[in-house]
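In: Sequence and predicted model, in that order:
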Amino acid sequence: MRQLVQTPRFRRAVRKFVARNPRLQERIEATLRRMEQDVFSPDLGTHKLSGDLFGLRACSCGYDCRVLFSLEKDARTGDEVILLHGVGTHDEIY
């Protein structure tokens, strides 16, 4: 099980996104729990990104909601962590 690490940018993005779409708060939280259990679960639709976002991945937390993240090594422990970068609609993320 990988640990989730929220960047300050991710926290700001969540606050702004949920302020515009309050009904998505629970869906985002559920998606983050599923990511922590298995980031490659088929229901998340995890995929690699290319172009300007090369090296990052995205998964779905609903019809028009995406979570942007990367898989990184924790320098202290050597464990792989999920570094959360952003959340938003398809157009906002891509």
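Out: Cool, got the structure. Everything numeric here is computed off the predicted structure, so don't read it as measured data.
In: Identify the residues contacting residue 62.
Out: 24, 27, 31 (Cβ atoms under 8 Å, 6 or more residues apart in numbering). Placement of C-beta: from N, CA and C, glycine included.
In: quick check, it in a strand?
Out: No. Judged by DSSP: H, G, I helix; E, B strand; the rest coil, residue 62 forms no part of a strand; its state is coil.
In: what pairs with residue 69 across the strands?
Out: residue 57, residue 84 (DSSP bridges).
In: re the thing from before, now that we have the contacts of residue 62, which one has the most neighbours?
Out: In terms of neighbour count, residue 31 stands highest of the contacts of residue 62 at 22 neighbours, by other Cβ atoms under 10 Å.
In: Do you know the pLDDT at that residue?
Out: In this prediction, residue 31 carries a pLDDT score of 96.
In: Output the contacts of residue 62 as TSV; include the columns distance to residue 84 and secondary structure.
Out: Compiled in TSV, those are given as follows (distance: Cβ to Cβ, whole Å; DSSP: H, G, I helix; E, B strand; the rest coil):
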residue	distance to residue 84	secondary structure
24	15	helix
27	15	helix
31	11	helix
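In: Let me know the closest of the residues you listed to residue 89.
Out: Within the contacts of residue 62, the smallest distance to residue 89 is 10.1 Å, found for residue 24 (Cβ to Cβ).
In: For the contacts of residue 62, give me JSON lines that also has distance to residue 58.
Out: Shown next, in JSON lines, are those (distance: Cβ to Cβ, whole Å):
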{"residue": "24", "distance to residue 58": "16"}
{"residue": "27", "distance to residue 58": "15"}
{"residue": "31", "distance to residue 58": "11"}
